[in-house]
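# Following is a predicted model, sequence given first.
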Amino acid sequence: MLSLRDFAGLNTGPGEVVTLIWVGITPLAVCALALWVVRFRRFAACIGLLFGTITGTVAALAVVQGGDTGSLIGISLSGPVVTLSGAVLAIVGAITVLTAKTRSAMSTPGGGP
């Protein structure tokens, strides 16, 4: 695996930064989910924006580079396209939570919803 990273140029420059950040994506998603469960919805939405931005950027770059037939290492386009779709959904959901005017449903006087 290390020789493949060296061969692809992932251990130098921007490739090293991307691989270091990519390792933290799963804990970031778990953290957002945990915050959502304990009802810190706005904090979870902020982390979701960060999550969507990072994964969306990497997936978009992979989609653009995926069509390069002259590269030594090729990728299947289905993975980055699905990741990009999920990132867009995460960003839209986070923006929706952050811009919502109410946190929860309010009941009317008299006990009815």
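Received, thanks.
# what residue ranges in the chain score low on pLDDT?
Within the chain, the set of residues satisfying pLDDT under 70 comprises 1-18, 66-75, 102-113.
# Which residue ranges of the chain form helices?
Assigned by DSSP state H, the helices in the chain fall at 2-8, 14-23, 25-37, 41-66, 78-99.
# which of those helices sits most buried?
Using mean count of other C-beta atoms under 10 Å, the stretch among the helices of the chain with the greatest mean number of neighbours is helix 41-66 (a mean of 18). C-betas here are computed from N, CA, C, even on glycine.
# Just name whatever secondary elements that one is in contact with.
Judged by 3 or more C-beta pairs under 8 Å, 6 or more residues apart in numbering; DSSP states H and E, the packing partners of helix 41-66 are helix 14-23, helix 25-37, helix 78-99.
# export those to TSV and tack on distance to residue 45?
As requested, those are arranged in TSV below (distance: least, C-beta to C-beta, whole Å):
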stretch	distance to residue 45
helix 14-23	20
helix 25-37	8
helix 78-99	4
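# Ok, which of those helices comes nearest residue 56?
When the helices and strands packed on helix 41-66 are compared for distance to residue 56 using C-beta to C-beta, the nearest one is helix 78-99, at 3.3 Å.
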